[in-house]
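In: any chance you could fold what I've pasted below:
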Amino acid sequence: MARASSRTILVLLFLTLFGVSCNKETAAPGVSSLSQYAKQFLVMNNGAANLASQSRTGAIQQSYGNSVASAQAGASTGAGDSTGTDTTYYGCLNVTEFDNTDGSHTIIYDYGKGCTVGTGDWRSTTWGKMISTSMYQFQTSGTKVYSSYDYQTKYLNYGGRYYYNNDSTDWSYQGSSSYKGNSVYDTVSYQYSGSQDFSDTTTYQYGKDSYSYKSIGQSTYDQKGSVMPRNDYWYQSGDDYYQSTVTVPLVSDFSCNSNAGIGADIMVRITYVSGRETITYRQGGQEGTFEIDYGNGECDNKITIIENGNVIVVDLSKDWPVLTASVNP
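Out: Next comes the predicted model:
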């Protein structure tokens with residue numbers, strides 16, 4: 001198929017589930033100074049944010065791969081007429097893709113009964129299916145290929161289990177996500193950039209807690225990274241909720257993922273290198289607010305929590321076991 005290169009990029013993206021984030025160093029109390037509500041949010045949000053980030057980046061990666069393929073093929077529509085099915089096996093992960101009669105393209109990531117990755121104390125198992133269907137349109141003007149796309153993802157019995165030593169926590173993600181965007185690829189300079197609107201409506205469960213999850217946001221991106229001026233999302237369970245609002249645009253540096261280490265940080269993928277968001281919550285009748293500062297652009301795997309007058313640096317490489325142990329004693 002013409003999309004072989006974009007498929008490979010996507011498979012590597014979904015197999016590489018975890019990465020690093022960045023933040024400035026600030027003298028602060030330890031993780032134990034965080035409220036139980038802030039700890040709960042960080043642990044729970046890591047899984048949901050992982051999945052949302054994968055799908056958003058997947059739409060961008062596929063748009064880029066299709067733009068390059070379209071340029072090489074003379075900038076046709078980018079949608080094939082074939083309805084043949086191509087299945088590739090990556091260990092326990094099966095990836096099936098095919099063109100639909102309406103011109104859209106579907107990729108199915110099937111983890112079956114479970115695929116396990118990880119080393120040392122940390123491991124992660126993923127099962128179920130993630131189904132992405134996309135429609136791309138291309139137009140050439142001079143040396144540039146312009147693309148518009150509509151990318152939909154569905155999660156079917158999609159879930160998994162995190163392990164640390166002899167402890168484990170299950171999670172599940174059911175529902176759908178939508179990504180619509182525009183991009184431009186320069187066939188001479190090989191530069192790529194674009195913008196994207198996205199939304200999610202899902203049910204997310206982490207351990208014993210189950211929430212309805214919704215998000216809506218916007219981002220711009222190029223080959224180096226992305227800037228997200230809006231990323232509003234909510235976790236709702238009865239009267240309990242967490243709500244996040246971006247106050248300083250969230251910036252991702254794609255090169256940070258190449259620095260991912262092993263050990264505790266293999267479970268964490270918060271890709272922002274700068275920006276700030278405010279979290280408002282009501283949990284068990286208690287209400288509060290805290291902020292997350294993602295730093296000054298360095299890939300050091302740290303975030304800063306501002307809560308109740310305290311400025312608390314969390315090193316996600318070192319402090320993750322403490323966080324998960326305190327949330328799931």
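In: how close does V145 get to Q137?
Out: 11 Å (C-beta to C-beta, to the nearest Å). For glycine as for every other residue, the C-beta is placed from the backbone atoms N, C-alpha and C.
In: I figured P249 hits N231, correct?
Out: No: look at P249 against N231 with C-beta atoms under 8 Å: they stay out of range, at 9.2 Å.
In: those two: who's more crowded?
Out: Neighbour count, other C-beta atoms under 10 Å: between P249 and N231, N231 has more, with 22 against 18.
In: contacting residues around that one?
Out: Applying C-beta atoms under 8 Å, 6 or more residues apart in numbering, we find N231 in contact with 215, 217, 219, 244, 246, 250, 277.
In: pick out the residue closest to the middle of this protein.
Out: For the chain, S53 is the residue whose C-alpha lies nearest the centre (C-alpha atoms, centre = their mean; 1.5 Å).
In: quick check, that one in a strand?
Out: No: under the criterion used here (DSSP: H, G, I helix; E, B strand; the rest coil), S53 is helix, not part of a strand.
In: how near is it to F254?
Out: Distance of S53 to F254, given as C-beta to C-beta: 11 Å.
In: strands of the stretch 151-300 of the chain, start to end?
Out: 167-186, 192-206, 209-222, 225-237, 240-253, 272-283, 286-296 (DSSP state E, counting those that start in this stretch).
In: direction included, what does the fourth one pair up with?
Out: Strand 225-237 sits in its sheet next to strand 209-222 (antiparallel), strand 240-253 (antiparallel), going by DSSP bridges.
In: coming back round to it: adding mean pLDDT and distance to V327, write the strands of the stretch 151-300 of the chain out as JSON lines.
Out: Shown next, in JSON lines, are the strands of the stretch 151-300 of the chain (pLDDT from 0 to 100; distance: least, C-beta to C-beta, whole Å):
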{"stretch": "strand 167-186", "mean pLDDT": "90", "distance to V327": "9"}
{"stretch": "strand 192-206", "mean pLDDT": "91", "distance to V327": "9"}
{"stretch": "strand 209-222", "mean pLDDT": "90", "distance to V327": "9"}
{"stretch": "strand 225-237", "mean pLDDT": "92", "distance to V327": "14"}
{"stretch": "strand 240-253", "mean pLDDT": "94", "distance to V327": "13"}
{"stretch": "strand 272-283", "mean pLDDT": "95", "distance to V327": "12"}
{"stretch": "strand 286-296", "mean pLDDT": "95", "distance to V327": "15"}
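In: save these as JSON lines, and put in distance to V117 too.
Out: Output for these, formatted as JSON lines (distance: least, C-beta to C-beta, whole Å):
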{"stretch": "strand 167-186", "distance to V117": "14"}
{"stretch": "strand 192-206", "distance to V117": "19"}
{"stretch": "strand 209-222", "distance to V117": "24"}
{"stretch": "strand 225-237", "distance to V117": "25"}
{"stretch": "strand 240-253", "distance to V117": "22"}
{"stretch": "strand 272-283", "distance to V117": "23"}
{"stretch": "strand 286-296", "distance to V117": "25"}
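In: which one of the strands paired with strand 225-237 lies closest to F290?
Out: strand 240-253 (10.3 Å; C-beta to C-beta).
In: buried residues, the closest one. List them.
Out: For strand 240-253, burial by neighbour count (16 or more other C-beta atoms under 10 Å) applies to 240-244, 246, 249-253.
In: what about stretch 284-296, distance to the chain center?
Out: 20 Å (C-alpha atoms, centre = their mean, to the nearest Å).
In: wait, I meant stretch 129-149
Out: The answer for stretch 129-149 is 20 Å, by C-alpha atoms, centre = their mean.
In: likewise stretch 154-169?
Out: Using C-alpha atoms, centre = their mean, the offset of stretch 154-169 from its chain centre is 16 Å.
In: buried sites along that stretch?
Out: Buried, per 16+ other C-beta under 10 Å, within stretch 154-169: 154-155, 158-160, 162-164, 169.
In: what sits up against that stretch?
Out: 47, 51, 111, 114, 118, 121-132, 170-176, 202, 205-207, 267, 321, 324-325, 328.
In: tell me the pLDDT at S21?
Out: S21 is assigned 34 on the pLDDT scale.
In: again, but for C115
Out: 89.
In: in the sheet, who's paired with it?
Out: Bridge pairing for C115 - DSSP bridges - gives T126.
In: before I go, just wanted to say thanks for your time.
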